[in-house]
Each structure stands twice: as structure tokens, then as C-alpha cells.
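Chemist: here is a sequence together with a model predicted from it:
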Amino acid sequence: MPAPRRTASAVAAVCVATVVLAGCGSSPQDRAQQSPSPEAFRVCTNSPYAPFEFERDGETVGFDMSLGHEIARDMGRTLTVVQADFHTLESGEALNEGRCDAAISGMTITERRREVVDFSQPYFNDQIALLTTRGSGITSFSSVGTKTVGVQHATSGEKYARDKKLKVREFEDLDRMFSALQGGQVKAVSGNISTLSQEAKKRPELRLVQTVDTNENLGIAVKKGNTAVLDAVNRTLDRVTKDGTVDRLRQEWMGM
């Protein structure tokens, strides 16, 4: 996750997909879904960005998309996913142009972004974590010493490691970073708990040794002044927090 979230999108075009076929769909049915039904709750996102949003069997799934389904259900609507360049989400462009009703895309709440969109209450605190192999001798950021720490380029994990004056090696994607950890090219990796916890869950030889709260809170964005949608979003966030749905989704998508 960049500082904050992504700095550049991997998706150049905007396309609309149904709730069961998300992303830049190629079927005639997908291409025909350009004028969404008034019963649709249209959510803009930018995937892949696991575990928040990514493609699986032709569908956009993940923690954020599950939240989107909960909001849509409470509104009496059906979720429709709209893939968009991340820049158009944080700038408010996609919302202002009416491409979607809300943006749910692992977006960190910042004062700069507050100037162009309205944010929901925070729905996730994405702390920075340190992941290493068992037996590495590393127990915290302060114990890394001269060992090399892997980071994903332009992420909060990179920023934190550099702020701690650690020796870092940058990677363009998570798979290469985790492969380098497995192969011993780096001795630990620094990144968001939402991502690193997944890898720790899959690989018993890895362990999370420290988490740090950098106040990186994620929020759902709506068009400035759209209080109707914002109130509906916050009502659902209140409900899923109180009834345990958020805890279930964290376990399902992040193993937390």
C-alpha cells in the first residue's frame, strides 16, 4: 500500500461490470451494462489490490467488495462494480462525473483528499507490519540492524522502513517481494498488516514480529455534499461493526 495507498493506477481505462463479472469485462452483456439500473449501488474500485479487491473466477472480490455488498443490501440495491484508474478516485473525478455512487478501494483518509471527496467513518486501520522468517533473529524494526528489508515501491511500508533508516530493496509487486524473502535475498519485509498477514497465514515458516499504528485509516469516498449516500454508508458501517460482520470479513479475507 502506498504512502498512502497507490500512487499510480495499473488500470488505464474505466469499464463497468456486473456484480458477477467485474473488471474490464469482455462479454457483450458486460459491454451492454453501460447505463446502470437505478436499483444498482455503483462502487468504483481499482484492482487488483488484494485482499481489498482482486479478481477471482471473473468476479471482483475482497474485503472492500464484501463491504460494498453489505451497503447495497441495506439500501435495497444490487452491487455493481466499476473499475477506474485510482487517480480518478482520490481526485473525486469518477464520483463527480457520476460513474459511481461511492469509491471503495483501500483508500487512506487524508486531509488533501478530504478537500475533493467526503469520507465515511474509518472502516479499517491498516497498520505497518514487519514480516520475517523464523530463525532470522529479527524481532522488531529496531532489531533489523544492517540486514536488508524488502518493500513494495511507493508504499507506506517503504516510507516507514526508510524513515527508520533501514537498508531497503524495492520491488514493483508483492509476489517478487515475497519470493525474495523466501529465497533469502531480503531478511524481512515491511508493509501493511492487511497484506502481510495473508502471507503469514499461508506460510507457517513466516511470522509477523511487529505492528506499528501509523494512523492509516481507510474510508469510503462519496461525492462532496452527497449526504444521502454518505449517511447510508455510515449506517451500514455502524451495523457491521456492532454485529461482528467486520470481524468475520477480516478473518475471511486477511486471516486476522
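Modeler: Everything's here; your move.
Chemist: where do the helices sit along the stretch 1-150 of the chain?
Modeler: 28-32, 63-75, 86-90, 93-96, 111-114 (DSSP state H, counting those that start in this stretch).
Chemist: helices or strands up against the fourth one?
Modeler: Read that as helix 93-96. Contact here means 3 or more C-beta pairs under 8 Å, 6 or more residues apart in numbering; DSSP states H and E; on that basis helix 93-96 packs against helix 86-90, strand 102-103, strand 221-223. All C-beta atoms are positioned from the backbone trio N, CA, C, and that covers glycine.
Chemist: so what's the gap between the shortest one and the chain middle?
Modeler: Its chain's average C-alpha position is 13 Å from that of strand 102-103, according to C-alpha atoms, centre = their mean, to the nearest Å.
Chemist: try the first one
Modeler: Relative to the centre of its chain, helix 86-90 is centred 13 Å away, using C-alpha atoms, centre = their mean.
Chemist: same deal with the last one?
Modeler: Here strand 221-223 is found 16 Å from its chain centre; the criterion is C-alpha atoms, centre = their mean.
Chemist: what's the helix or strand just after it in contact with?
Modeler: For strand 221-223, the following helix or strand on the C-terminal side (DSSP states H and E) is helix 227-242. Helix 227-242 has contacts (C-beta atoms under 8 Å, 6 or more residues apart in numbering) with 67, 70-71, 74-75, 101-102, 118, 120-121, 123, 220, 222-223, 245-246, 249.
Chemist: so how far is the first residue of stretch 97-112 from its last?
Modeler: Chord length of stretch 97-112, first to last residue, is 20 Å (C-alpha to C-alpha, to the nearest Å).
Chemist: what about that stretch, distance to the chain center?
Modeler: Remark: stretch 97-112 is offset 12 Å from the chain centroid, using C-alpha atoms, centre = their mean.
Chemist: check stretch 227-235 too.
Modeler: With C-alpha atoms, centre = their mean, you get 21 Å for stretch 227-235.
Chemist: could I get that stretch in CSV with only the CA atoms?
Modeler: In CSV, the C-alpha atoms belonging to stretch 227-235 read as follows (Å, rounded to 0.1, in the frame of the first residue of the first chain):
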residue,chain,number,x,y,z
THR,A,227,-25.1,13.2,2.3
ALA,A,228,-27.8,10.6,1.3
VAL,A,229,-25.2,8.1,0.2
LEU,A,230,-22.7,9.0,2.9
ASP,A,231,-25.4,8.5,5.6
ALA,A,232,-26.4,5.1,4.1
VAL,A,233,-22.7,4.0,4.1
ASN,A,234,-22.1,5.1,7.7
ARG,A,235,-25.3,3.3,8.8
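Chemist: quick one: mean pLDDT for that stretch?
Modeler: For stretch 227-235, mean pLDDT rounds to 98.
Chemist: now do stretch 144-158
Modeler: The average of the pLDDT scores along stretch 144-158 is 93.
Chemist: and it, how far apart are its ends?
Modeler: One end of stretch 144-158 to the other measures 15 Å (C-alpha to C-alpha).
Chemist: give me the buried stretch members for it, please.
Modeler: Neighbour-count burial for stretch 144-158 flags Val144, Thr148, Val149, Gly150, Val151, Gln152, Ala154, Thr155, Ser156, Gly157, Glu158 (criterion: 16 or more other C-beta atoms under 10 Å).
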